[in-house]
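> got a sequence here, can you model it:
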Amino acid sequence: MEQVPHVAMYCHEEKDEHQWMHLVPSFLLPLVVRYLTDANNQVRKTAQAALLVLLEQELVAHNDVEDQVCPLLLMLTNSDAHDDFRTEAAALMCRMAPLLGGDLSRRVFLERFAALSADGLFHVRKICAANFGEFCAVIGQEVTESILLDKFYALCQDELWGVRKACAEVFMSLSRVVSATKRRNDLGSLFVNLLQDESRWVRMAAFQALGPFISTFSRTEPENESTQSPSATPVESTESVESSMEQSDFNSFYFWRDPLPQLNLMPASETNVDRQPEENKESVSDSVEKALEDLMARVELGRGGSSEAQPASAPSNELVPEPVHAFDLRRVACQELLGGPVASSKENVGTTSSTPNDLSGDSKPTGDVQPILLSSSITTSLATVMSSSSPAFQPNLLPPAYVKSNSSNELPTTVYSNSFCPYYSPRRRSDGGSMSGGVVLDTSRSRPYSPYGSSSMRSSISLSQSVVPQSLMDYYLQMTDPYYVETVDAEITRHCAYSLPAVVCTLGKEHWPLLRDLYTTLASDMQWKVRRTLASSIHEIGAILGQEVVTQDLLPVFDGFIKDLDEVRIGVLKHLSDFLRLLAEKERRSYLPRLAEFLKLDNEQNWRFRQELAMQLQSVVGLFSPADSAQSILPLALTLASDRVAAVRLPAFTLVSQIMKQVSESSWSKDAESMLTPLLADLTTRFCSGNRWMLRQSYVNICNQLVTDRALPLEEFGKLLLAPLLALKRDRVPNVRLVLARVINFQLKYHEFFSGSDSPYRESLDETLNQLSADEDRDVSYYATCSTVKRDQTQITLDPLPPTGENAA
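This next block holds a predicted model:
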């Protein structure tokens with residue numbers, strides 16, 4: 001079987017001379033079909049691979065495959081076939097569909113694929129789910145929406161998490177096939193269910209595919225299909241899922257894997273915690289402790305509540321909540337439920353009035369949402385802690401769901417995340433919402449994975465947009481939440497950063513304020529892989545947003561990346577010219593002195609970083625004037641040209657040549673020669689007269705590059721550089737003389753200006769070449785006398801190996 005594709009290719013190549021192509025359908029293809037049902041698993045796998053190669057290379061006709069292979073696949077996928085054969089045949093059928101085309105796939109495979117999607121065997125359903133998007137792309141939009149979408153909905157609700165995980169992974173490819181209406185109304189709601197799935201592996205796959213799925217909401221679709229949509233709000237879970245989430249107890253292992261049980265907390269008006277028996281106090285505190293561990297990262301301080309839950313004698317004074325330390329929140333709530341005293345770590349907060357505050361009734365739950373209020377005494381204690389000016393309070397320790405309120409009419413929202421080095425403060429958004437002193441625990445959802453507990457919180461974080469269903473954007477904006485890092489995937493922020501350019505492109509420049517804070521949070525993430533991913537795409541995001549947004553929002557992040565770890569800086573460096581091209585001339589010139597910062601490395605042995613810098617500076621030179629290049633970039637180029645690693649020096653030689661050419665061809669100065677003279681003199685002093693043989697060898701290579709690129713007028717080259725170059729014929733290191741022999745023999749002597757009969761440099765050139773021909777080093781004399789090498793192969797691209805022993809200087 002391994003030789004079948006090679007034999008078929010040989011028959012195809014010799015078809016005109018020997019007419020052997022008939023052997024493929026008459027002999028080779030039946031042989032492959034026979035071994036598809038072999039008893040040995042390895043033989044079957046090899047036969048499947050051979051068949052796919054025949055199709056990919058178009059060595060077998062589609063009608064032959066339809067007549068010989070397809071009937072066998074349909075037979076092997078019958079319900080009475082062996083399980084191994086059914087699984088392999090289903091996988092082979094899915095892989096063959098893109099190679100056979102839409103017509104044949106619809107005619108032969110469609111009905112069977114739909115049946116296999118509801119097969120009783122788990123492996124078959126998983127294979128269908130994993131290939132659903134690719135198969136739908138082959139058969140087309142109309143058939144997909146009329147026949148296969150219902151099958152996909154069933155697979156997304158499969159009882160086994162492996163099938164649901166496979167569905168989450170193919171959402172983007174399937175979304176590209178269906179219409180915008182189906183994508184928004186059906187797939188959006190379906191994807192939210194996967195984001196809330198009870199299995200951590202399904203949620204992980206869904207969050208990884210969230211950004212790519214959002215990118216499929218193309219803005220080229222008609223606006224009337226994307227304005228009014230039921231999926232624009234978070235999708236509520238079904239009653240059946242709610243019942244399945246109820247559990248009586250749980251341990252620490254399942255704490256981050258299984259949903260928390262619902263807590264039956266009674267309003268303060270209906271029960272008195274202080275009157276509970278002693279045996280009940282411990283159980284209540286344990287339950288609240290465990291619940292708050294999960295709710296701390298998502299707790300909502302909202303102005304909600306019901307006046308019925310408060311005593312009639314309570315005075316009405318409005319509290320403005322401040323961010324509260326997570327430890328204080330948990331300690332105050334639990335101690336209050338136990339009836340004990342409440343005091344902060346630095347000052348006693350037990351002096352507050354025992355009369356609870358009157359909760360405002362402005363905010364009411366909607367729909368089926370049934371909020372549960374903590375007791376009014378807890379609310380008072382929480383408000384006291386929040387309003388206290390304790391020095392122990394540290395805002396950077398807060399979970400991301402906490403918000404800081406300065407007034408009841410304007411609520412700036414600051415998002416705190418797992419930041420490592422926040423280069424600039426996150427921008428704060430505000431809306432017209434209000435908050436109260438009550439703490440509302442929303443238990444309306446069946447699972448604790450929804451990013452927001454109420455629409456008011458969602459509106460305070462997300463701005464208005466109609467391109468993508470708001471429920472999807474809510475989850476995407478919360479991918480930096482430490483709660484999801486702990487409960488879903490430690491790499492979730494990296495996936496968010498990876499897909500961010502596609503999401504920005506989908507939403508467009510006008511919706512950048514929606515993503516600004518997310519970008520800031522990712523840019524200061526504690527994981528360097530996240531920051532490197534963002535640094536590698538900052539130029540793409542800048543190209544989408546335009547110069548104004550780049551200057552205002554991206555430049556501070558760019559400045560931080562320049563000072564970051566080398567692993568992050570390399571992402572910026574690889575696209576340095578692309579990003580600088582987005583800036584205005586004034587901002588661009590301000591980065592000229594900062595280019596030298598790229599020479600400072602955490603690890604000096606990281607020579608590839610310097611190599612990338614040399615190659616990037618070749619593109620950066622064209623963004624600046626000749627004067628700027630000569631004053632700021634040329635010193636960097638000369639430093640790189642003297643690097644101890646040859647792979648760094650080679651692109652640096654080209655960089656020096658580019659700068660010299662830019663200066664010599666410019667009209668920025670009335671007397672360009674007056675500028676070139678000191679530059680070339682410095683080049684000669686630094687390299688040709690250097691005490692290291694590597695510098696002298698680099699001087700020869702730079703001269704060779706200058707002549708090759710015609711960077712200088714030959715008159716200037718002969719007057720300023722040729723004499724020091726030929727003087728190296730007496731260098732004590734053979735490697736220097738060897739490179740000089742190659743440059744003269746393969747480069748200079750072919751120029752009429754140097755070797756012409758009337759050239760003033762011909763005599764000195766011939767004298768140097770004759771002396772090198774008689775050199776005591778065999779390699780030097782060889783390159784000085786060699787005349788068989790073609791001139792297009794004579795450019796000096798590699799440095800010889802350094803000398804050893806007494807030849808080393």
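> next, count neighbours for Q605.
A count of nearby residues for Q605, using other CB atoms under 10 Å, gives 8. Where C-beta positions appear, they are placed from N, C-alpha and C, glycine not excepted.
> quick check, it in a strand?
No. With DSSP: H, G, I helix; E, B strand; the rest coil as the criterion, Q605 is coil rather than part of a strand.
> quick check on it: phi, psi?
Backbone geometry at Q605, expressed as degrees, to the nearest 10, gives phi -80, psi 0.
> mind giving me the domain ranges of this structure?
For the chain, the structural domains run 4-220, 280-463, 467-591, going by automatic domain parsing.
> by mean pLDDT, show me the worst of those.
When those are ranked by mean pLDDT, domain 280-463 comes last with a mean of 38.
> ranges for the strands of this protein?
For the chain, applying DSSP state E gives strands covering 300-301, 371-373, 439-442.
> nearest spatial neighbour of K151, skipping sequence neighbours?
S117 (4.0 Å; CB to CB, 6 or more residues apart in numbering).
> and that neighbour, what does it touch?
If you count contacts by CB atoms under 8 Å, 6 or more residues apart in numbering, S117 has them with 125, 128-129, 132, 148, 151-152, 154-155.
> before we move on, what about D553?
Contact analysis of D553 by CB under 8 Å, 6+ apart lists 512, 516, 519, 545.
> where in the stretch 651-800 of the chain is pLDDT low?
Residue ranges of the stretch 651-800 of the chain with pLDDT under 70: 667-674, 787-800.
> that one: helices as residue ranges?
Using DSSP state H, counting those that start in this stretch, the helices of the stretch 651-800 of the chain run over residues 672-683, 693-708, 714-720, 722-726, 734-746, 752-755, 762-773, 778-785.
> how close does P513 sit to D186?
According to CB to CB, to the nearest Å, P513 stands 29 Å off from D186.
> more neighbours, those two?
Per other CB under 10 Å, whichever of P513 and D186 has more neighbours is D186, with 17 against 13.
> quick one: contacts for the closest residue to the more buried one other than its chain neighbours?
Excluding its sequence neighbours, the residue lying closest to D186 (CB to CB, 6+ apart) is L149, at 7.0 Å. Going by CB under 8 Å, 6+ apart, L149 touches 178, 182, 186.
> mind putting those into CSV with distance to I538?
Formatted as CSV, the contacts of L149 follow (distance: CB to CB, whole Å):
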residue, distance to I538
V178, 33
K182, 34
D186, 35
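> tell me the one among these nearest to A81.
Minimum separation from A81 among the contacts of L149 (CB to CB) is found for V178, which lies at 31.7 Å.
> list the contacts of the closest residue in space to T684 that isn't next to it in sequence.
Spatial nearest neighbour of T684, chain neighbours left out: P724 (5.0 Å); criterion: CB to CB, 6+ apart. Residues in contact with P724 (CB under 8 Å, 6+ apart) are 684, 688-689, 699.
> scan the residues you listed and report the most crowded one.
That'd be Y699 among these, by other CB under 10 Å, with 26 neighbours.
> contacting residues around the closest residue to that residue other than its chain neighbours?
With sequence-adjacent residues excluded and distances taken as CB to CB, 6+ apart, Y699 is closest to F687, at 3.7 Å. F687 sits next to 638, 641-642, 695-696, 698-699, 702 when contact means CB under 8 Å, 6+ apart.
> what do you get if the cut-off is 6 Å, keeping everything else the same?
If you count contacts by CB atoms under 6 Å, 6 or more residues apart in numbering, F687 has them with 695, 698-699.
> the closest residue to A614 other than its chain neighbours and L636, how far apart?
Among residues not flanking A614 along the chain, P651 sits closest, at 4.0 Å (CB to CB, 6+ apart). Distance from P651 to L636, counting by CB to CB: 12 Å.
> likewise F135?
According to CB to CB, F135 stands 54 Å off from L636.
> quick one: which of the two has more around it?
Counted by other CB under 10 Å, F135 and L636 do not tie: F135 has more neighbours, with 25 against 20.
> the more buried one contacts A97, correct?
Yes. Between F135 and A97 there is a contact under CB atoms under 6 Å: 5.4 Å.
> residues that sit against both of these two, list them.
By CB under 6 Å, 6+ apart, no residue touches both F135 and A97.
> and A129, how close does it get to C156?
According to CB to CB, A129 stands 8 Å off from C156.
> repeat for I538
For I538, the distance to C156 - CB to CB - is 35 Å.
> what about D489, neighbour count?
Around D489 sit 19 other residues, with neighbours defined as other CB under 10 Å.
> now do the contacts for it.
So D489 contacts M204 (CB under 6 Å, 6+ apart).
> what about the closest residue to N78 other than its chain neighbours, neighbour count?
In space, and not counting its chain neighbours, N78 is closest to R86: 7.7 Å by CB to CB, 6+ apart. Neighbour count for R86, taken as other CB under 10 Å: 21.
> and if you look at T708?
So T708, with other CB under 10 Å, has 16 neighbours.
> go on, the one 4 residues further on?
Neighbouring residues of L712 were enumerated by other CB under 10 Å; the total is 23.
> P482 too?
The tally of other residues near P482 (other CB under 10 Å) stands at 15.
> same check on A774?
With other CB under 10 Å as criterion, A774 counts 10.
> so what's it closest to, chain neighbours aside?
S781 (6.6 Å).
> wait, doesn't that neighbour sit right on L769?
No. The pair S781 / L769 is not scored as a contact, 10.7 Å apart, by CB under 6 Å.
> more neighbours: those two, which one.
Legend: neighbour count by other CB under 10 Å for S781 and L769, higher for L769 (20 against 17).
> measure that one to K729 for me?
Here L769 is placed at a distance of 9 Å from K729 (CB to CB).
> then V43?
69 Å.
> the two - which one has more neighbours?
It is K729, of V43 and K729, that has more neighbours when counted by other CB under 10 Å, with 21 against 14.
> show me what contacts that one?
Counting by CB under 6 Å, 6+ apart, K729 touches 768, 771-772.
> same list (the residues you listed) but as JSON lines, adding distance to R106 and neighbour count.
Supplementary listing: these in JSON lines, determined by distance: CB to CB, whole Å; neighbours: other CB atoms under 10 Å:
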{"residue": "T768", "distance to R106": "77", "neighbour count": "23"}
{"residue": "Q771", "distance to R106": "80", "neighbour count": "16"}
{"residue": "L772", "distance to R106": "75", "neighbour count": "22"}
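> can you tell me which of those lies closest to N606?
Nearest to N606, judged by CB to CB, of these is L772 at 37.4 Å.
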